[in-house]
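Visitor: here are the coordinates; sequence isn't available:
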């Protein structure tokens, strides 16, 4: 199945069950939202999960692009991406979690043709405030799917406050041998779909208030489902990442983790740029700048002469096409990346001798880090990681 076929199968399944299609939005949340980027499919729907009526009704389905900086250190493994697409379905005070789980099982088995023997579920097992999620637990047991009980891992929220509730995660076995263990004991179980019962609102003091209209929010990673259905060994073999992986590997010799990180950060940077963000030292612009500097660090580790200007236009164009951003000029994006590359090279040239002098005095302390940041513009992560990892010849380049 192609990503388009996966999306159509998902959307059609829920539209046949009365769900209205909601157009996907930019990575940029509304102006009054304090979060820098849309991190999940439910993010744009937060007001409706809290009780505001949605103009399209109580059953919704969509495909939403998302960005998560919390997974940056995991990018480079087989399943994590910085920017990804999320298929989602919602019940806004309509059907309950048991119906959602049951539909989820049937879509995976009948719509996508996944062998039920390759499925495993996890369910909220209770904590100091609440008991186990029997709603999901009973359905999975009835369907014959093995279940693992967890605590924090199966409690979903989009931040320290706001809507939250127990979730049930669905995993698919990706190993070559018969399934074994549980998601908590064997990482060949890969999460593909999360079903959240939005029953509560958490307040600033931590207490939970039951929502007057409990809802259901589900999210399925499109790239991960593509990996499962195609029998790929990583999300980097999917249609969205292949143009970048093939281009980067054709230009430069990198180890697998660096190849994946550079490919992911390039693609993510293009999507963020396509949604109107520009590099800066604060907010969204700093996230973008950080992505570019992380990929350059990996690229320059073995050869400081490598440059992003060697990239052809094709992967830029294919990414902009995929995310509906072709109003953005490829030439403008290439110019912005070239400017960032030059800025970062100059920062390294000026900053590395400064850091070397401070390190010669002994281990750096917190006041040292503050001084290097405030006086020389060198963030802590740059001091600890980027300057230490790039090739020694970089600081001598003109």
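Guide: Now that the structure is in, tell me what you want to look at. The shown structure was predicted, so the numbers you read here are calculated from the model rather than taken from an experiment.
Visitor: as a whole number, average confidence for stretch 223-232?
Guide: In this model, stretch 223-232 has a mean pLDDT of 96.
Visitor: run through who's touching that stretch.
Guide: Stretch 223-232 is contacted from outside by 1-3, 6, 79, 81, 84-85, 87, 112-114, 172, 174, 190-192, 233-235, 237-241, using C-beta atoms under 8 Å, 6 or more residues apart in numbering. Glycine gets a C-beta too; all of them are placed from N, C-alpha and C.
Visitor: now, these that are in strands?
Guide: Of the contacts of stretch 223-232, the ones assigned to strands by DSSP state E are 84, 85, 87, 172, 190, 191, 192.
Visitor: are any of the residues you listed buried, and which?
Guide: Taking 16 or more other C-beta atoms under 10 Å as the criterion, what is buried in the ones in strands among the contacts of stretch 223-232 is 84, 85, 87, 172, 190, 191, 192.
Visitor: now render those as JSON lines, adding pLDDT and distance to residue 118.
Guide: Below are these laid out as JSON lines (pLDDT from 0 to 100; distance: C-beta to C-beta, whole Å):
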{"residue": "84", "pLDDT": "96", "distance to residue 118": "22"}
{"residue": "85", "pLDDT": "97", "distance to residue 118": "23"}
{"residue": "87", "pLDDT": "97", "distance to residue 118": "19"}
{"residue": "172", "pLDDT": "97", "distance to residue 118": "5"}
{"residue": "190", "pLDDT": "95", "distance to residue 118": "10"}
{"residue": "191", "pLDDT": "95", "distance to residue 118": "13"}
{"residue": "192", "pLDDT": "96", "distance to residue 118": "11"}
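Visitor: ok, which pair from those is furthest apart?
Guide: 85 and 172 (17.6 Å; C-beta to C-beta).
Visitor: what helix or strand is residue 348 located in?
Guide: Assigned by DSSP states H and E, residue 348 belongs to helix 330-359.
Visitor: state whether residue 17 is indeed within a strand.
Guide: No. Under DSSP: H, G, I helix; E, B strand; the rest coil, residue 17 sits outside any strand and is assigned coil.
Visitor: residues in contact with it?
Guide: 59, 103.
Visitor: at 7 Å what do you get?
Guide: residue 103 (C-beta atoms under 7 Å, 6 or more residues apart in numbering).
Visitor: same thing with residue 235?
Guide: 78, 79, 81, 223, 224, 227, 241.
Visitor: how many residues are close by the second one?
Guide: Other residues within reach of residue 79, judged by other C-beta atoms under 10 Å, total 19.
Visitor: check the first one too.
Guide: Under the neighbour criterion other C-beta under 10 Å, residue 78 is assigned a count of 18.
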